[in-house]
Each structure stands twice: as structure tokens, then as C-alpha cells.
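> can you look at this prediction? I've put the sequence above it.
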Amino acid sequence: MSPLYHEGRKIDLAYNKTLFDYADKLKIRVPTSCGRNGDCHECIVQVKRGSHGLNLPDFSESFLRENFRLACQAKILDIDTDMEFSVLRRQPQILTHAMKRPFKIDPLTTHHQGGVYYNQERIDKYRGRILGIAVDVGTTTVVINLSDLETGDVISTTSFENPQRFGGSDIMHRISYDGGEFKGELKNTIISAINFEIGEMTRASNLHRRLIYEVVIVGNTTMRDILFGINVETIGEKPYKSIIELEMDRGLRTTTSLNVPAKEIGLRVFPNANVYGGPILGCHIGADIAADLLTIAMDKEEGNVMLVDIGTNTEVIVGNRHRMLAASCPAGPAFEGGEVKYGMPGYEGAVESVKITKGQVNFTTIGNTTPNGICGSGLVDLLSELRKSGKMNELGALEDGESEFFFDSENSLSISRRDISALAQAKSANFSGQFIILRNFRESIENINKLYLSGGFANFIDVENAKNIGFIADIPSERVVKVGNASIEGATIMLLSGALRNAVEQLILNVEHVELETTPDFFDIFVEGCMFKPMVMPNHDFTKQTS
């Protein structure tokens with residue numbers, strides 16, 4: 001009899017038991033709202049090995065690809081097969097702080113004369129509390145803040161891995177999936193996941209979900225529009241614009257933001273609660289970046305600053321409140337757990353920092369546990385340390401022609417030449433976006449007062465190591481500011497301040513979108529960006545550079 005593994009824990013197999021049965025025994029939280037009959041599609045798991053020992057997927061699982069299954073439908077048929085699975089809704093490393101912007105609390109949903117009003121229209125009688133939620137729907141991670149709209153206090157924060165991963169690890173794959181046979185499954189999955197978390201948060205706080213009278217949603221253009229049930233196929237083809245953006249271009253809209261009642265999209269809060277989808281800046285640059293700009297107070301900024309929101313898609317903004325240049329960089333998931341053999345998101349057991357001293361590798365893991373893999377901050381450190389120690393050259397070739405380097409020999413964890421190639425290309429997407437935007441802005445790098453790092457694992461990277469391999473622009477470290485999860489912070493500001501919500505709507509009208517792929521020398525820049533060395537601008541007089 002072989003064992004079944006889940007993140008280092010194991011249990012003996014038993015014939016005809018489901019993976020959900022094993023999750024129960026291991027006390028692993030797997031969401032479901034259909035009584036485990038395959039209808040709700042919430043209990044998605046990834047079978048990492050031994051899938052041939054399970055029953056074949058049935059009709060209820062036909063929307064899943066590759067090695068993803070519904071835990072309630074996947075049954076053990078071969079008890080002599082080693083098997084391993086993981087739950088998509090693992091708990092990520094939550095940022096413990098974010099940049100805080102002081103502002104006056106003036107929500108659009110208020111209480112007076114015994115009633116609850118949204119935009120001065122009565123929507124309910126007052127029941128003792130007025131709550132709201134802000135949601136940052138990332139490609140990889142979703143974060144939710146539950147707030148008191150009367151006091152401005154954040155009551156509870158939660159985050160979880162985006163369960164839409166079965167549709168692809170990046171937005172282009174999800175656009176393709178959503179345009180296919182199973183259109184609507186990605187929306188249903190994310191709505192179910194958010195509803196599940198709302199239930200958990202309100203129960204833990206002894207509150208009722210119907211006291212949630214307003215919702216703010218931010219995310220990249222694709223993630224936002226999928227959640228609202230909007231066709232995203234136009235985002236995947238030139239000119240890469242949302243249907244909403246195209247309608248605004250034709251004069252049919254005055255804003256790219258969205259407002260719909262909660263019951264229309266299936267959110268289980270007060271049925272007529274307004275759900276606000278933050279405005280998108282253009283193409284793949286979405287409402288999460290609008291939220292970032294609100295957090296760093298770009299609407300007040302007179303000097304030149306740079307924002308780099310690092311994720312599966314990295315966004316770069318350079319400018320001030322009067323003029324901004326923006327670009328989206330399709331970095332892919334290599335630094336977030338994809339395309340790298342032992343790569344993983346920032347969960348417990350991930351190597352998060354690395355140091356090589358006299359050939360000796362030292363590292364730390366999230367939770368100080370036995371390493372299961374390596375996350376983005378660890379990969380940035382490892383690449384930089386390999387360069388500094390001479391074990392890898394700037395082309396990414398390992399010392400003595402080795403095909404892999406073991407950073408944890410005891411647990412057989414390594415980085416291979418193939419891994420390094422995937423990381424080089426992901427890094428170059430970040431490099432190219434920053435390089436081209438800085439050049440097009442035509443200001444000396446000395447005139448960039450701040451470099452704000454936001455999103456993904458940016459809060460945990462070592463700035464010097466990131467600059468050493470060309471992951472971020474070579475701006476003096478004292479000017480680099482980590483703003484934590486600026487997207488959820490900005491979404492919360494939109495929830496709590498009608499004035500600032502209006503301010504960001506106006507601010508983003510000053511954004512000029514730069515299409516990286518149309519830059520004449522883009523290929524040359526991308527090749528340069530694949531090198532593991534600091535970013536060097538051609539000269540410091542950008543006023544003489546051409547766009």
C-alpha cells in the first residue's frame with residue numbers, strides 16, 4: 001500500500017476514497033458549497049504525481065485541464081501508486097505592512113435618519129453597522145479587506161491563492177480559456193472563492209454578510225473584467241483593449257470604471273450593494289495600478305517618481321500628477337512558482353532568502369520549516385549570489401558547464417540551466433519595460449525622486465540583489481520605497497473616500513500608454529535584459545533620446 005502526500009505529510013491510501021476524504025483526515029481546508037457532488041467547482045486540487053491511480057475525470061470535471069481535479073470527484077483506484085496533491089487555496093505570505101496615506105473618511109455609503117444611503121439614495125434601514133469590502137484580484141493571489149465604513153477601521157484581512165489557475169498561470173491563457181467551451185467558469189470560480197472568504201471573515205468577526213453595503217474590486221484588466229462577466233477576448237488581440245475601454249474610445253462611456261449591484265454578479269452581500277470596479281488605465285494596465293497610484297498619492301505628486309508593480313504581469317509607471325507614461329510587461333509566472341522546477345509561490349516552506357559565502361549556501365524559509373521549493377525573493381537572491389560568487393556568468397551559464405546548481409543538497413533542491421533561462425526571460429520583461437519607459441520619459445535617472453516597488457513578492461526582495469541582476473532599475477537604494485500591497489490599500493481608499501475615488505478617475509486620464517513591442521529596438525533591449533547584470537542606460541541625458 002502506497003502513501004498519499006500533501007506538502008510533506010502523508011497518509012495511507014484506501015480504495016475508492018476521494019481526495020476530499022483525505023483532506024478531511026489531514027484537516028486541510030477545502031472549500032465547497034454543493035455538498036461534494038461536483039456542482040460548485042470550488043474544491044479544485046492539483047495532482048502532482050500519481051494521477052494514473054485515480055478514476056478518470058467525469059463530466060463535472062470537464063472544464064479542468066492537465067493534472068487538476070475536483071477533490072470530491074477524484075477517487076483512489078490504485079492503492080499501490082505513490083500520489084501527491086496540493087490544494088489551490090493555500091495561504092500565501094501576507095504582507096505585514098503597506099504604505100499608509102492619510103485621508104479624510106468620506107464613503108459614498110452613509111447612515112443618517114435611521115437609513116443606509118448610497119450616493120444619497122436610501123437602500124436599507126440602518127441595522128447597527130455599515131460594512132464594505134475591498135478586493136484585489138491578482139492573477140496569482142487575491143486579497144480582501146473587510147472595513148467599517150463609519151469608522152474607517154479595517155476589521156479583517158484575508159488572502160488566498162487565485163483558484164482560477166486551472167485556466168492557465170498567466171492572463172493570456174485565461175483569456176483563451178474564457179473564450180472557449182467553458183466560458184464563465186473562471187468568473188464562477190472567483191465569485192465562489194470570494195463568497196467563501198466573506199463568509200469566513202464575517203463569521204470570525206461575528207458579523208452578518210448582509211451588513212456589507214459596498215464593494216470595491218481592483219485587478220488587472222483581464223481579472224477585473226472576468227469577475228464582472230465581461231468578454232475578455234479583445235484584451236488578447238491588438239490593440240489589447242477591454243470592451244469597456246473600446247466603448248470609452250467611441251464616446252459611449254465617460255469612465256472605464258464599473259458599477260453594478262452585487263446580486264447581478266452573484267456576490268453574497270447586501271443584494272443591492274454597489275460593486276465598483278476600479279478604472280483601468282489602458283490595455284493590460286488595470287484597476288490595481290490605479291489603486292497603486294492612489295496609495296502613493298500620485299494625484300498630489302509634483303516631482304518625478306517611478307512605480308513598478310511586480311507580478312505575473314509587471315506594470316511600470318513613470319511621471320507625476322501632470323503626465324505619466326505606463327507600460328505592461330508580460331513577465332510570466334517564473335518568479336511566482338511557474339516554469340521553474342522547484343519554484344513555488346511565497347508559502348510556508350519556500351526558500352525566501354539565499355546567501356553564498358565561500359562556496360557555502362545558507363538560506364531561510366518562510367515559517368522556518370523544511371524547504372519545499374524556492375519563491376521569488378529567494379530566486380532573486382540565488383541568481384545574484386551565483387553571479388557574485390562567480391558560479392554563474394552574466395549570460396546565465398553555470399560554472400564548469402554544470403547543468404544545475406544545488407542550493408539545498410540535503411533535500412535535492414536545485415536550479416537548472418533551463419530554470420535560469422526561464423528566469424532570464426521573465427527578468428528581461430521587467431527590465432525592458434523599465435528601460436523603455438525611462439528612456440521615453442526623457443528625464444535623467446538622477447531626476448527620479450522615488451522608485452516605488454509594489455505587488456507580488458516586491459516587498460520581500462533584496463533591493464541590492466535585484467539591482468545587481470537587472471531586475472529593477474539601478475536607482476540609488478535610499479530612493480527605493482517598498483509600499484507593500486499598494487493595490488489593496490488603494491482599493492480600500494476607494495472604498496472609504498468618495499473624493500479620492502473621483503480623484504483617481506481624473507488622474508488616470510493623464511496616462512500615456514507605451515506599447516513595448518512597437519519600440520524599434522525592442523528585441524535588442526530584450527536580449528540585453530536577459531543578461532544578469534545591472535541596468536545601464538545609454539547615457540544620462542534622456543532629453544536627447546528618441547522615443
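The structure has been received and is ready for your questions. A quick note: this is a predicted structure, and the numbers were derived from the prediction, not measured. Residues are numbered from 1 along each chain as shown.
> how many residues are close by Asn272?
Counted with other Cβ atoms under 10 Å, the neighbours of Asn272 add up to 14. C-beta: built from backbone N, CA, C; applies to glycine.
> quick check, it in a strand?
No: counting by DSSP: H, G, I helix; E, B strand; the rest coil, Asn272 falls outside a strand, being coil.
> can you tell me how far it is from Thr158?
24 Å (Cβ to Cβ, to the nearest Å).
> and for Arg442?
43 Å.
> with Tyr276 instead?
20 Å.
> likewise Glu61?
Glu61 is 27 Å from Thr158, by Cβ to Cβ.
> now swap in Arg323 and tell me
Distance of Arg323 to Thr158, given as Cβ to Cβ: 37 Å.
> can you pull out the strands in the stretch 351-500 of the chain?
360-365, 373-374, 404-408, 413-416, 450-454, 480-482 (DSSP state E, counting those that start in this stretch).
> for the residue nearest in space to the middle of the chain, which residues are in contact?
The residue lying closest to the centre of the chain (Cα atoms, centre = their mean) is Gly138, at 3.3 Å. Counting by Cβ atoms under 8 Å, 6 or more residues apart in numbering, Gly138 touches 162, 219-220, 223, 288, 311-312, 455-456, 487.
> how about a cut-off of 10 Å?
92, 159, 161-162, 218-220, 223, 288, 309, 311-313, 336, 455-456, 485, 487-488 (Cβ atoms under 10 Å, 6 or more residues apart in numbering).
> okay, the strands of the stretch 351-500 of the chain, which one's buried deepest?
Of all the strands of the stretch 351-500 of the chain, strand 373-374 carries the top mean neighbour count, a mean of 25, counting by mean count of other Cβ atoms under 10 Å.
> quick one: mean pLDDT over it.
Throughout strand 373-374, pLDDT has a mean value of 90.
> and if you look at stretch 344-354?
Mean pLDDT, stretch 344-354: 87.
> repeat for stretch 226-240
93.
> still on that earlier bit, Arg323 and Thr158: who's more crowded?
Using other Cβ under 10 Å, the more surrounded residue of Arg323 and Thr158 is Thr158, with 16 against 12.
> any idea how far the more buried one lies from Leu507?
Separation of Thr158 from Leu507 (Cβ to Cβ): 29 Å.
> lowest average pLDDT across the strands of the stretch 351-500 of the chain?
The lowest average pLDDT among the strands of the stretch 351-500 of the chain, as it happens, falls on strand 373-374, at a mean of 90.
> for that strand, packing partners?
The contact analysis (3 or more Cβ pairs under 10 Å, 6 or more residues apart in numbering; DSSP states H and E) places strand 373-374 against strand 350-357, strand 360-365, strand 404-408, strand 413-416.
> contacts for it, please.
Taking Cβ under 10 Å, 6+ apart as the rule, strand 373-374 contacts 337, 340-345, 347, 349-354, 363, 365, 381-382, 407-408, 411, 413-415, 419.
> what's the burial count for Val275?
Neighbours around Val275, by other Cβ under 10 Å: 22.
> which secondary structure element contains it?
Val275 belongs to strand 274-277 when assigned by DSSP states H and E.
> that strand pairs with which strands, and in what direction?
strand 212-219 (parallel), strand 258-261 (antiparallel) (DSSP bridges).
> straight-line length of stretch 506-522, end to end?
Distance across stretch 506-522, first residue to last, is 31 Å (Cα to Cα, to the nearest Å).
> do stretch 26-34 as well
21 Å.
> mind listing what's buried along that stretch?
For stretch 26-34, a neighbour-count test (16 or more other Cβ atoms under 10 Å) marks 28, 30-32 as buried.
> turn the residues you listed into CSV, including secondary structure, distance to Gly152 and pLDDT.
What follows is those, written out as CSV (DSSP: H, G, I helix; E, B strand; the rest coil; distance: Cβ to Cβ, whole Å; pLDDT from 0 to 100):
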residue, secondary structure, distance to Gly152, pLDDT
Ile28, coil, 36, 83
Val30, coil, 35, 82
Pro31, coil, 30, 74
Thr32, coil, 35, 74
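> now, which of those residues sits nearest Ile244?
Nearest to Ile244, judged by Cβ to Cβ, of the buried residues of stretch 26-34 is Pro31 at 29.8 Å.
> wait, isn't that closest one in contact with Glu161?
No: in terms of Cβ atoms under 10 Å, Pro31 does not count as a neighbour of Glu161; the distance is 11.7 Å.
> dump the residue contacts of Val154.
134, 145-148, 488-489, 492, 495-496 are the contacts of Val154 under Cβ under 10 Å, 6+ apart.
> now, those residues that are in helices?
488-489, 492, 495-496 (DSSP state H).
> between these, which sits nearest Met535?
Glu489 (27.6 Å).
> got phi/psi on the residue nearest to Gly266 when sequence neighbours are not counted?
Nearest residue to Gly266, sequence neighbours excluded (Cβ to Cβ, 6 or more residues apart in numbering): Ile191, at 4.8 Å. Per-residue torsions, Ile191: phi -60, psi -40 (degrees, to the nearest 10).
> run through the helices of the stretch 101-250 of the chain in chain order.
With DSSP state H, counting those that start in this stretch, the ranges of helices along the stretch 101-250 of the chain come out as 171-178, 185-204, 221-227, 243-249.
> winner for burial among these?
helix 221-227 (a mean of 27).
> quick one on the thing from earlier: columns distance to Gly38 on top of the ones in helices among the contacts of Val154, output as a markdown table?
Output for the ones in helices among the contacts of Val154, formatted as a markdown table (distance: Cβ to Cβ, whole Å):
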| residue | distance to Gly38 |
| --- | --- |
| Ile488 | 32 |
| Glu489 | 38 |
| Thr492 | 36 |
| Leu495 | 35 |
| Leu496 | 40 |
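> now render the residues you listed as JSON lines, adding distance to Lys427, pLDDT and neighbour count.
Putting the ones in helices among the contacts of Val154 into JSON lines (distance: Cβ to Cβ, whole Å; pLDDT from 0 to 100; neighbours: other Cβ atoms under 10 Å) gives the following:
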{"residue": "Ile488", "distance to Lys427": "26", "pLDDT": "94", "neighbour count": "28"}
{"residue": "Glu489", "distance to Lys427": "26", "pLDDT": "94", "neighbour count": "27"}
{"residue": "Thr492", "distance to Lys427": "31", "pLDDT": "97", "neighbour count": "27"}
{"residue": "Leu495", "distance to Lys427": "35", "pLDDT": "98", "neighbour count": "26"}
{"residue": "Leu496", "distance to Lys427": "37", "pLDDT": "98", "neighbour count": "28"}
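> can you give me the domain assignment for this structure?
Per the record, the chain has its domains at 3-87, 109-284, 297-482+515-547, by automatic domain parsing.
> and the ones in helices among the contacts of Val154, which is closest to His52?
Distances from His52 to the ones in helices among the contacts of Val154, taken by Cβ to Cβ, are shortest for Ile488, at 40.8 Å.
> so Arg253 sits against Glu247, correct?
Yes: with contact defined as Cβ under 10 Å, Arg253 and Glu247 form a contacting pair (4.9 Å).
> out of the helices of the stretch 101-250 of the chain, which gets nearest to Asp21?
helix 185-204 (20.0 Å).
> now do the contacts for the spatially closest residue to Glu399 that is not a sequence neighbour.
Spatially, and ignoring its direct neighbours in sequence, Glu399 is nearest to Lys391 (4.6 Å; Cβ to Cβ, 6+ apart). By Cβ under 10 Å, 6+ apart, Lys391 lies in contact with 356, 359, 361, 385, 398-400, 402, 405.
> what sits against Asp106?
When contacts are counted by Cβ under 10 Å, 6+ apart, Asp106 touches 152, 496-501.
> and the residues you listed, which are buried?
152, 496-498, 500-501.
> and those residues as TSV, adding distance to Ile175?
What follows is these, written out as TSV (distance: Cβ to Cβ, whole Å):
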residue	distance to Ile175
Gly152	37
Leu496	32
Ser497	33
Gly498	33
Leu500	31
Arg501	28
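> closest to Val305 out of those residues?
So of the buried ones among the contacts of Asp106, ranked by how close each gets to Val305 (Cβ to Cβ), first place is Leu500, at 17.9 Å.
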